[in-house]
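Colleague: coords please:
(one chain, ligands or ions: 4)
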Amino acid sequence: METARIAQVLDDMGTILEIQGENPFRCRAYHNAAQTLKGLPADLTEMIADGSLAGVQGIGETLYSKIVQLATTGQLPAYDKLRAETPPGLLALLRISGIGPKKIKALHDELKIESLADLRAAGEAGKIARLKGFGAKTEANILEGISFVETAGGRILQHHALALVGPILATIRDHPGVIRAEPCGSLRRRAETIGDLDVLFSSREPGPVLDDFVALPQVAKILGHGPTKASVLIPGFKSGQLVQCDVRGVQDDQFAFALHYFTGSKAHNIAVRKRALARGLSLNEYALAGESKSVACDSEADVFKALDLQYIPPELREDSGEIDAAEKGKIPKLVEPADLTGTFHCHSDWSDGEATLEEMAEGARALGLEYLGIADHSRSLAMARGLSIERVHEQWKAIDALNKKFGPGFRLFKGTECDVLADGSLDFPDEVLAGFDYVVASVHSRFKMPRDEMTARIVKAISNPYVTMLGHATGRLLLSRAAYEVDLDAVIDAAAKHDVMIEINASPYRLDLDATHCRRARKKGVTIVVNPDAHSVAGLKDLEYGVGVARRAWCAAGDLFNTAPLSEVESRLERLRNRARVENAEDPRS
Ligand code: DGT
Ligand code: CA
Ligand code: CA
Ligand code: ZN
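Modeller: Ligands and ions are numbered 1, 2, ... in the order given. So this is what the prediction gives:
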């Protein structure tokens, strides 16, 4: 079993024990071990083999043997027992934001709640509000949360989809009868969230490959299994969640057509088929055929070429103008992860990050970046250990010292993720803001403000000349928290007017600004910057999800700020800082 899944099992066990009212120390031990597994310095199987896992702090004797058992056999009777004792619907309650194991225990003990349906009924009857520790506001939030989870359906986040599809794809590719295999569907298009997993492969004889696929140990249920396709359910990354995976096998000369078809989107497929028809050709998942003979295509590029179209990257296949553009040869060369030269919105252990400044810098260098911006939280965000003004000054000194050590090849920038207060003012006074290399302005509080007020609040923040970029523009958490109400077009207009960048927050939990608004912002001349919002060295890798959004927004490398070389980034930030000084000098109030 993979390390990430083992960590998930331990987390689940800790959670179930919490719901059962177990000793908190015992529950924490499971969660801590799960955390530890995610950050292991080496491969888990190797660490078991060479004995070094036994010496890792935070993994006691009992947990050690459980981990070894999971890693070697993929089974753990203690886990199966715990799951059998827990009503399956109970764990689904965890998907509602604001509900944890303690609340679930109370709801179960007091109101016999065992599922989302039970919870909704109790909430609608006003029973939750009367429970000790809940109240009317919590009840309203819970009801809102249920609606959100229900509309999100069984969709999953991109990084979870990738982690699930990886081993399946590897197994299929390893099969001796397989010629080529690719993931398709929404995952290949890098959609924000994924409904189900789709995998396509080519083989002279697809049957045996599919037989091996449905026999994989992670398969929880087989929904269908034939000679050319199979659908199964596999456990997701949330307790009790099952994810569908559709696998199809075709002959290799059909592969290009099938890859195009199963990549979608459906709307794109329909538009392309219409174009084929207009040329007297018929296009389906197996062939492109004329009246007398079919057109041979080995790659998707060949399929597009046969329809007099430039190659359209999967990220653009949403029937939103890509076919017109491809006809005119106007598909841009989309930005790629390797185009990034650095990034700005990252946290260190000075606020709520896990890594030191130096570790973050080393992590960025290891990814081939030339600079890294540290933007720890500002003083109001006590929950995230926001920095006081004194701490800010200390951090600047620490960064100066590190930059001296790095020399000219790499630079840490001094930034802040400065809270936008309720009235749109910033959490630090101008004279402090003036000392940063750049300022990311973000909203972290009062999400329920009316739309007009929230829009005015953000527009006011953007009009502050010290603000360099706007952080996570909508506050959404994909599949768990809706965006706050805000007029994004007004925000985009203000950003264009004040020459403030807007970030694509690359965390797979956020991904805002979304591709649609990002494309609109680009058209209005707003500069886009891709930021991982990394809270650890590993978090820096999230940049690739942000690049996915940029690609879906039709961005070329030149449309992003953080693709410029360090010297240009330095001079541009300097110019923006000077703008603030000049504007402030002219301001009669100051
Ligand atoms: P998802 O799974 O909801 O995130 O989105 P997709 O795009 O992966 O959708 P899925 O898994 O239902 O189907 C995979 C692709 O197969 C889809 O993007 C396009 C193609 N496809 C599925 N059904 C149809 C259809 O009825 N007509 C056409 N033209 N294409 C379809
Ligand atoms: Ca799909
Ligand atoms: Ca599917
Ligand atoms: Zn933030």
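Colleague: torsion angles phi and psi at the closest residue to residue 540 other than its chain neighbours?
Modeller: Distances taken as Cβ to Cβ, 6 or more residues apart in numbering place residue 534 nearest to residue 540, at 4.7 Å, with adjacent residues excluded. (Each C-beta comes from the backbone N, C-alpha and C, glycine too.) The phi and psi values for residue 534, taken as degrees, to the nearest 10, are phi -70, psi 130.
Colleague: next secondary structure element downstream of the helix or strand encompassing residue 402?
Modeller: Element membership of residue 402 [criterion: DSSP states H and E] is helix 389-406. Remark: after helix 389-406, the chain's next helix or strand is strand 411-419, criterion DSSP H and E.
Colleague: partner strands of that next one, with direction?
Modeller: Strand pairing for strand 411-419, using DSSP bridges, gives strand 371-377 (parallel), strand 438-442 (parallel).
Colleague: and the next element down the chain from the last one?
Modeller: Meaning strand 438-442. Next element after strand 438-442 (DSSP H and E): helix 451-463.
Colleague: low-scoring stretches of the stretch 201-350 of the chain, by residue?
Modeller: 239-240 (pLDDT under 70).
Colleague: just the strands in it please.
Modeller: Per DSSP state E, counting those that start in this stretch, the stretch 201-350 of the chain carries strands over the ranges 221-225, 229-235, 242-250, 282-283, 288-289, 294-295, 342-343.
Colleague: looking at those, which one is packed in the most?
Modeller: With neighbours taken as mean count of other Cβ atoms under 10 Å, the strands of the stretch 201-350 of the chain reach their highest mean count in strand 342-343, at a mean of 26.
Colleague: could you list every helix and strand in contact with that one?
Modeller: Using 3 or more Cβ pairs under 8 Å, 6 or more residues apart in numbering; DSSP states H and E, the elements in contact with strand 342-343 are strand 371-377, strand 528-531.
Colleague: give me the contacts around the very next helix or strand once past that strand.
Modeller: The helix or strand immediately downstream of strand 342-343 is helix 357-366, counting by DSSP H and E. Helix 357-366 has contacts (Cβ atoms under 8 Å, 6 or more residues apart in numbering) with 342-343, 346, 348, 350, 353, 355, 371-372, 374, 395, 398-399, 402, 406, 410, 412, 534, 537, 540.
Colleague: which among the strands paired with strand 411-419 is found nearest to residue 461?
Modeller: strand 438-442 (4.6 Å; Cβ to Cβ).
Colleague: export that closest one as CSV, just CAs?
Modeller: The C-alpha trace of strand 438-442 is given here as CSV (Å, rounded to 0.1, in the frame of the first residue of the first chain):
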residue,chain,number,x,y,z
TYR,A,438,6.1,43.4,-2.1
VAL,A,439,2.7,43.1,-0.4
VAL,A,440,0.1,40.3,-1.0
ALA,A,441,-3.3,41.6,0.2
SER,A,442,-5.7,38.8,1.3
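Colleague: tell me how far that strand is from the chain's mean position?
Modeller: Computed by Cα atoms, centre = their mean, to the nearest Å, the chain-centroid distance of strand 438-442 equals 21 Å.
Colleague: what bridges to residue 411?
Modeller: According to DSSP bridges, beta-bridge pairing links residue 411 with residue 371.
Colleague: what distance do you get for the one residue in the stretch 201-350 of the chain that gets nearest to ligand 3 to residue 467?
Modeller: Here the residue of the stretch 201-350 of the chain nearest ligand 3 is residue 246; by Cβ to the ion that distance is 4.1 Å. Residue 246 is 46 Å from residue 467, where distance means Cβ to Cβ, to the nearest Å.
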